[in-house]
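Asker: structure, please.
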Amino acid sequence: MATLAGVSRATASRAINGATTVDPDLVAAVNKAVSALNYVPNRAARSLVTKRAQAVTLVVPESIKKVFADPFFASVVEGMSQYLSDIEYTLNMVISSETNPAQTRRYLLGSNVDGVLVVSHHMGDLSWTSLDSSLPIVFAGRPLIGEKTRHYIEVDNEQGAARGTQHLVSRGRRNIATIAGPQDMPPGIDRLRGWRRVLNEAGLPASAVEIGDFTTASGAVMMRRLLDRNEPIDGLFAANDQMAAGAYSVIEERGLRVPEDIAVVGFDDGEIASSLVPALTTVHHPIVQMGQRMAEMLIRLIEGKPTDRVLQLTTSLVIRDSA
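Answerer: Predicted structure coming up:
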């Protein structure tokens, strides 16, 4: 290949590996030869030169069942894969890592990967702790440990929840309950805070709270608990669309209607939101974009390029028929 391009093997290697010191005309010649020969770089040989594995790992401290049931994870992986495919990094995935955090740490520190992406982390997770000095790490959402030093990308969960709750208030709802997310996770904490802030500012009761786990099943369980209180409810803010879907089934089960009896707002704007009947009003969460930007931030850290430590993406309210 180097002979066809008319360059030395060293120059060809540097061009293929993206070195910025190679003359652009020589890079073009090498790329032409690569195309003509259908050349595929040897990943192992490249790793010896670059001292990199050309791979990153996504750590998801959740059960396998939850990961494959919640479309959030598919969307964030889609975004990561879109970015990484263009720069030839492999994306690996470790699920349910908290069952054996020491094993996960050994894998991550065993020269298998160049960096770590952490999604859906909880306060007590151990898999990714104490890795900062050895590997670049980027989080989806504000980490609850070491927030001031870690790199992360998030949406403004509190403001998004406030926007969804304010929409219910603007529709004349005065007894607005919430099915909140886990309180050992930043989205669960922040979305509950946004709901509560709006109701306090409006002088409305903010006591109808049940805590779910972001699954459809928990949405159904928590909606039953809310209705079993026998307190008036005319609005519901669910901290994600999956729990809103679970709430729908119980509202119908109890002979009530959405939105006539209980107006419902969710969070995420995944495919389930538009498929529910009536279609769900929800806070749009740019999940695919989050995955893309996480991967971009991590690669910049790996390659020693400047990057912001924190990036906050914006949400928007998508108004449909449920509220």
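Asker: contacts for stretch 89-108?
Answerer: 54-64, 67, 77, 80-81, 84, 112-114, 116, 122, 124-128, 130-131, 135, 295, 299 (Cβ atoms under 8 Å, 6 or more residues apart in numbering). Placement of C-beta: from N, CA and C, glycine included.
Asker: rounded mean pLDDT for it, please.
Answerer: Stretch 89-108 shows a mean pLDDT of 81.
Asker: restricted to helices, list the contacts of stretch 89-108.
Answerer: Using DSSP state H, the subset of the contacts of stretch 89-108 located in helices is 64, 67, 77, 80, 81, 84, 295, 299.
Asker: output the residues you listed in JSON lines; the columns should cover pLDDT.
Answerer: Shown next, in JSON lines, are these (pLDDT from 0 to 100):
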{"residue": "64", "pLDDT": "88"}
{"residue": "67", "pLDDT": "89"}
{"residue": "77", "pLDDT": "95"}
{"residue": "80", "pLDDT": "96"}
{"residue": "81", "pLDDT": "94"}
{"residue": "84", "pLDDT": "93"}
{"residue": "295", "pLDDT": "97"}
{"residue": "299", "pLDDT": "96"}
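Asker: which one among these gets closest to residue 32?
Answerer: The closest of these to residue 32 turns out to be residue 84 (Cβ to Cβ; 25.5 Å).
Asker: just checking, that closest one touches residue 295?
Answerer: Yes: Residue 84 lies in contact with residue 295 (Cβ atoms under 8 Å); the separation is 5.3 Å.
Asker: so those two - more neighbours on which side?
Answerer: residue 295 (28 against 22; other Cβ atoms under 10 Å).
Asker: let me see the contact set for the more buried one.
Answerer: By Cβ under 8 Å, 6+ apart, the residues touching residue 295 are 56, 79, 80, 83, 84, 89, 91, 117.
Asker: I'd like to know how far the fifth one sits from residue 144.
Answerer: In this case it means residue 84. Per Cβ to Cβ, to the nearest Å, residue 84 is found 27 Å from residue 144.
Asker: hang on, the earlier thing: just the buried members of the ones in helices among the contacts of stretch 89-108?
Answerer: Buried subset of the ones in helices among the contacts of stretch 89-108 (neighbour count, 16 or more other Cβ atoms under 10 Å): 67, 77, 80, 81, 84, 295, 299.
Asker: tell me the one of these nearest residue 186?
Answerer: Distances from residue 186 to these, taken by Cβ to Cβ, are shortest for residue 67, at 18.2 Å.
Asker: quick revisit: reformat the buried ones among the ones in helices among the contacts of stretch 89-108 as TSV; add distance to residue 223.
Answerer: Output for these, formatted as TSV (distance: Cβ to Cβ, whole Å):
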residue	distance to residue 223
67	24
77	29
80	33
81	35
84	39
295	36
299	42
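Asker: quick one, phi psi at the nearest residue to residue 282 once chain neighbours are set aside?
Answerer: Once flanking residues are discounted, residue 282 sits nearest to residue 266: 3.9 Å by Cβ to Cβ, 6 or more residues apart in numbering. When quoted as degrees, to the nearest 10, the phi and psi of residue 266 stand at phi -110, psi -160.
Asker: mind listing which of the contacts of stretch 89-108 are in strands?
Answerer: Assigned to strands by DSSP state E, the following of the contacts of stretch 89-108 qualify: 55, 56, 57, 58, 59, 60, 116.
Asker: now do the second one, the pLDDT please.
Answerer: The reference is to residue 56. 94.
Asker: next, count neighbours for it.
Answerer: 24.
Asker: hmm, residue 117 and it touching each other?
Answerer: Yes: under the criterion of Cβ under 8 Å, residue 56 makes contact with residue 117 at 6.2 Å.
Asker: and for those two, which residues touch both?
Answerer: Shared contacts of residue 56 and residue 117 (Cβ under 8 Å, 6+ apart): 295, 298.
Asker: ranges for the helices of the stretch 151-300 of the chain?
Answerer: Remark: helices assigned in the stretch 151-300 of the chain by DSSP state H, counting those that start in this stretch are 157-170, 186-202, 216-228, 241-253, 271-275, 287-302.
Asker: which stretch among those helices comes nearest residue 149?
Answerer: Evaluated with Cβ to Cβ, those place helix 287-302 nearest to residue 149, the distance being 13.0 Å.
Asker: so who does residue 120 touch?
Answerer: Listed by Cβ under 8 Å, 6+ apart, the contact set of residue 120 reads 60, 61, 62, 73, 140, 185.
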